[in-house]
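Asker: I'll drop the sequence and a predicted model, then ask my questions.
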Amino acid sequence: MATIHLVVKQTGSSASEADARGHKLTIDRPEAKGGTNSGMMGGEALLSGLGGCFMSNLLAAAVAREIKLDEATAQISAELDNSPARFTSITMQVSAKYPEETDFEKLVKIAERGCVSANTLKGSVELKVVVG
């Protein structure tokens, strides 16, 4: 089984920086929550990771099938509960421009099955991936 490693270090009174393979992401809180708004909140970063993982798999599936996708987009919305603080449901609406004969829904299903983030989250939160 493979292991993924990254480091998150404090960079300010409320901010931190995640470093994975030299790729960095600043994480902070908005000013209204006592932060300096220098980066995404952790929950937003989690949702960004989901979208990025899914998109990587979608684009790879298209390339493997020699399908040209343009303007591929994943719009993610998540319902938040505060007791305890957690996402209760996440919806990812996926769209793209593609050749008419493309079975886009099949590509989306392939990407969803291959997405480690989606597969991990499905065990604890309602996750819907829809084409639209």
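Answerer: Cool, got the structure.

Asker: residue contacts, the residue nearest the centre of the chain?
Answerer: The chain has residue 50 as the residue nearest its centroid, 2.1 Å off, counting by Cα atoms, centre = their mean. Counting by Cβ atoms under 8 Å, 6 or more residues apart in numbering, residue 50 touches 76, 90, 92, 115, 117, 118, 121. C-beta here means a position set from N, CA and C on the backbone, and glycine is covered the same way.

Asker: Which of the residues you listed ranks first by neighbour count?
Answerer: residue 115 (25 neighbours; other Cβ atoms under 10 Å).

Asker: Starting from residue 9, give me the distance back to it.
Answerer: 27 Å (Cβ to Cβ, to the nearest Å).

Asker: And the contacts of stretch 55-68?
Answerer: 69, 72, 74, 94, 96, 98-99, 102, 107-108, 110-112, 114-115.

Asker: How far does it sit from its chain's centre?
Answerer: 17 Å (Cα atoms, centre = their mean, to the nearest Å).

Asker: for that stretch, what is the average pLDDT?
Answerer: Throughout stretch 55-68, pLDDT has a mean value of 98.

Asker: now stretch 79-95
Answerer: Average pLDDT, stretch 79-95: 94.

Asker: Now it: buried residues?
Answerer: Of the residues in stretch 79-95, 87, 90, 92, 94 count as buried by neighbour count, 16 or more other Cβ atoms under 10 Å.

Asker: again with stretch 43-60
Answerer: Buried, per 16+ other Cβ under 10 Å, within stretch 43-60: 46, 47, 49, 50, 51, 53, 54, 55, 57, 58, 59.
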